[in-house]
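Colleague: Need coordinates for the below:
(one chain, ligands or ions: 1)
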Amino acid sequence: MPAVSSSSSLWETVKQDFKDLFPDDVFQLWFQPLVCLAGDEDTMTLGVPNDFAAIWIHDNYLDLIVQRLRLSSGRDISVRLRKNDAAVPAAAAPVQIEPELSESRHSSRVAPTPRRAPLTRQARATANAHAGNLNPRNTFETFVVGSNNQMAQAAALAVAQSPAQAYNPLFLYGDTGLGKTHLMHAIGHAILQHKPDARVAYLSTEKFTNEFIQGLQENALVKFRQRYRNVDVLLLDDVQFLGGKERIQEEFFHTFNDLFESGKQIVLSSDRRASEIAKLESRLVSRFEWGLPADIQAPDFETRVAILRTKAKTLGLSVPSDVLTFIAQNISKNIRRLEGALIKVASYASLTGRHLDVSVTQDLLQDVLMEQAQNILTIDTIQRKVVDHFQIRLADMTSKRRPNNIAIPRQIAMYLSRTLTKHSLQEIGDAFGGRDHGTVIHACKAVDNMMEQDPSMRSSIEFLRNQLSR
Ligand SMILES: Nc1ncnc2c1ncn2[C@@H]1O[C@H](COP(=O)(O)OP(=O)(O)OP(=O)(O)O)[C@@H](O)[C@H]1O
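Modeller: From the prediction side, this is the model:
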């Protein structure tokens, strides 16, 4: 059996490869701490600093490590990951993870929850920081009721008036851009208006997932659980993204049970019925169906006109009524698009000072109308979706500003435009403030890299791609 030192030097060679392969922060986080603890012809045991690193490396990098060892040594070497003294056969079997997690993965016992002590002022502030995500414009007052959403709106109102008594959970579902988030925010606002110290948390499933991963990474799961199991109202958006994510489902199952059993209100939204979410555990499907599933359909013509009038009023826009009618006649399936069209024509009028009529509107909305007619995705729609998601301004898509919180979403929008539309590199560059085609190529490469190296970035981009591809 070769000495450990030859395994060690093999590992150091491979580790050096990883240094060149990954950006420095990724290398420092995952590879630098790995040390070779033991090895022979066929196996190698790598020491990992903590349980989370073991899970992460196992799930994300183990195949690559094995492949690189094969390349460097010419042999198949199976790799074990070991934390402290507990050797774990990583390549063949699941890595041993925190007792708390491995238990929660394999049984239906409720994972330990922080004791429900009276909340400190700081904890309350943390819960309500998530309520800070509520868009002030998304209230019941600005929500136009039509036959398409009547039941969902009535149920949301009932929940806002009697949290945890009317329907629990309230499960809102329907296609993209039809008002699910709006209604969730409206519930949050109404509850806080009535009871300002209520602990209301609104967040997307994506955020829940990322915070959970971060909690694991930083050994801060207790804090994470405290944050979401101690609220009075949990508003969780887009739960279809729980599909296929076993560990997040496990975590949310316990969050759900805990809140439900303590008489707290849960509101969920999804783009489809719970039973239609692929790879969603049946115990979650059944819980999601306990209360009231309420669907939202596309609005009819009258409701679309009413929505446009309300939007114009809320935003202080003055738009002739035949223009509103034209928009309502031509954009029917998605209220976000309806709104986008309204803002586009209104900003044209205010920027140019020109009179707005139906023929100008037709010109201005050419691409949106084509998209609607042929179901083609436009760069404009991609940009709007991305700015919505990252909470930046539409103008940032074309501006020259370069801080990361703007430059990265802009690169993502370019990448999505490149992968989801048939536009040429130059056309995409033009739509992003006259950038050249090299900038678009660079953006696409940068996003590819980010997706490879950063799982939370990958899930954000997949989320956007799914939403745009529907
Ligand atoms: N009935 C309505 N009255 C007024 N505005 C509405 C109504 N329905 C939707 N909207 C507006 O349409 C836009 C899109 O709605 P919202 O974000 O709530 O959609 P969603 O169903 O959550 O979409 P997604 O599934 O993509 O998240 C928002 O600006 C919202 O205010």
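Colleague: So the nearest residue to residue 305 once chain neighbours are set aside, which state does it fall into?
Modeller: Of all residues not flanking residue 305 in the chain, residue 328 sits nearest, at 4.5 Å (Cβ to Cβ, 6 or more residues apart in numbering). For the C-beta atoms, the positions are set from N, CA and C on the backbone; glycine is no exception. Here residue 328 is recorded as helix under DSSP: H, G, I helix; E, B strand; the rest coil.
Colleague: residue contacts, the closest residue to the ligand within the stretch 51-200 of the chain?
Modeller: Across the stretch 51-200 of the chain, the shortest distance to the ligand (Cβ to the nearest ligand atom) belongs to residue 179, at 2.6 Å. Residues near residue 179 by Cβ atoms under 8 Å, 6 or more residues apart in numbering: 143, 149, 152, 296, 335.
Colleague: same for the ligand: which of the residues you listed are within range?
Modeller: Restricting those to those touching the ligand (Cβ under 6 Å from any ligand atom) yields 143, 149, 335.
Colleague: Go through those and flag which are in helices.
Modeller: residue 335 (DSSP state H).
Colleague: For residue 450, state which of the ones next to the ligand among the contacts of residue 179 is nearest.
Modeller: residue 335 (30.9 Å; Cβ to Cβ).
Colleague: Identify the residues contacting the closest residue to the closest one other than its chain neighbours.
Modeller: Leaving out its chain neighbours, the residue that sits closest to residue 335 by Cβ to Cβ, 6+ apart is residue 177, at 5.3 Å. Contacts for residue 177 (Cβ under 8 Å, 6+ apart) come out as 333, 334, 335, 336, 337.
Colleague: and residue 177, what are its phi and psi?
Modeller: phi 70, psi 20 (degrees, to the nearest 10).
Colleague: repeat for residue 292
Modeller: Residue 292 adopts backbone torsions of phi -120, psi 120, taken as degrees, to the nearest 10.
Colleague: ok, how many other residues are close to the nearest residue to it once chain neighbours are set aside?
Modeller: Counting by Cβ to Cβ, 6+ apart, residue 292 lies nearest to residue 167, which is 3.8 Å off, once chain neighbours are set aside. Residue 167: 20 surrounding residues under other Cβ atoms under 10 Å.
Colleague: Specify the local secondary structure of residue 167.
Modeller: coil.
Colleague: residues touching it, list them.
Modeller: 155, 158, 159, 291, 292.
Colleague: Grab the most central residue of the protein for me.
Modeller: Nearest residue to the geometric centre of the chain (Cα atoms, centre = their mean): residue 206, 3.0 Å.
Colleague: correct me, but it touches residue 462?
Modeller: No. Using Cβ atoms under 8 Å, residue 206 is not in contact with residue 462; the gap is 9.4 Å.
Colleague: what's the most distant pair in the contacts of residue 179?
Modeller: 152 and 335 (13.2 Å).
Colleague: what packs against the helix or strand containing residue 228?
Modeller: Using DSSP states H and E, residue 228 falls within helix 221-229. Packing contacts for helix 221-229, counted by 3 or more Cβ pairs under 8 Å, 6 or more residues apart in numbering; DSSP states H and E, involve helix 121-131, helix 205-217, helix 246-261.
Colleague: May I see those helices arranged in a markdown table, with distance to residue 40 and mean pLDDT as well?
Modeller: Output for those, formatted as a markdown table (distance: least, Cβ to Cβ, whole Å; pLDDT from 0 to 100):
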| stretch | distance to residue 40 | mean pLDDT |
| --- | --- | --- |
| helix 121-131 | 50 | 51 |
| helix 205-217 | 32 | 89 |
| helix 246-261 | 33 | 94 |
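Colleague: Tabulate those in a markdown table, adding columns for distance to residue 382.
Modeller: Below are the helices and strands packed on helix 221-229 laid out as a markdown table (distance: least, Cβ to Cβ, whole Å):
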| stretch | distance to residue 382 |
| --- | --- |
| helix 121-131 | 27 |
| helix 205-217 | 18 |
| helix 246-261 | 27 |
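Colleague: Could you check the ones you listed and tell me which one is nearest the ligand?
Modeller: Set against the ligand and scored by Cβ to the nearest ligand atom, these come closest in helix 205-217, at 10.7 Å.
Colleague: if we can go back for a sec, any of the ones next to the ligand among the contacts of residue 179 buried? List them.
Modeller: Buried residues within those, counting neighbours by 16 or more other Cβ atoms under 10 Å: 143, 149, 335.
Colleague: where's the first one relative to residue 456, distance?
Modeller: Read that as residue 143. According to Cβ to Cβ, to the nearest Å, residue 143 and residue 456 sit 32 Å apart.
Colleague: Kindly report the same for residue 353.
Modeller: The gap separating residue 353 from residue 456 is 45 Å, by Cβ to Cβ.
Colleague: ditto for residue 234
Modeller: Taking Cβ to Cβ as the measure, residue 234 and residue 456 are separated by 21 Å.
Colleague: So what angle separates the directions of the helix or strand encompassing residue 460 and helix 205-217?
Modeller: Secondary structure from DSSP H and E places residue 460 in helix 455-469. Comparing the axes of helix 455-469 and helix 205-217 via axes from the mean of the first three to the mean of the last three Cα atoms, to 10 degrees yields an angle of 170 degrees.
Colleague: Name the residue of the stretch 201-350 of the chain with the shortest distance to the ligand.
Modeller: Closest contact between the stretch 201-350 of the chain and the ligand, by Cβ to the nearest ligand atom, is at residue 335 (3.5 Å).
Colleague: which ones are touching that residue?
Modeller: Shown in contact with residue 335 (Cβ under 8 Å, 6+ apart): 177, 178, 179, 299, 304, 307.
Colleague: Flag every residue of the stretch 1-150 of the chain that's near the ligand.
Modeller: So the stretch 1-150 of the chain meets the ligand at 138, 142, 143, 144, 149 (Cβ under 6 Å from any ligand atom).
Colleague: could you dump those to TSV with pLDDT?
Modeller: Below are those laid out as TSV (pLDDT from 0 to 100):
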residue	pLDDT
138	91
142	91
143	95
144	96
149	95
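Colleague: Now do stretch 282-296, average pLDDT.
Modeller: Per-residue pLDDT over stretch 282-296 has a mean of 93.
Colleague: re the thing from before, just send the contacts of residue 179 back as CSV, with distance to residue 443 too.
Modeller: What follows is these, written out as CSV (distance: Cβ to Cβ, whole Å):
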residue, distance to residue 443
143, 37
149, 38
152, 38
296, 35
335, 30
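Colleague: Just those: which are in strands?
Modeller: Using DSSP state E, the members of those that fall within strands are residue 296.
Colleague: Any stretches of the stretch 351-470 of the chain with poor pLDDT?
Modeller: Within the stretch 351-470 of the chain, the ranges that satisfy pLDDT under 70 run 373-374, 470.
Colleague: Run through the stretch 101-250 of the chain and note the low-pLDDT ranges.
Modeller: For the stretch 101-250 of the chain, the ranges with pLDDT under 70 are 101-132.
Colleague: Now do the same contact list for the residue lying closest to residue 211 once chain neighbours are set aside.
Modeller: Leaving out its chain neighbours, the residue that sits closest to residue 211 by Cβ to Cβ, 6+ apart is residue 224, at 5.9 Å. Residues in contact with residue 224 (Cβ under 8 Å, 6+ apart) are 211, 212, 214, 215.
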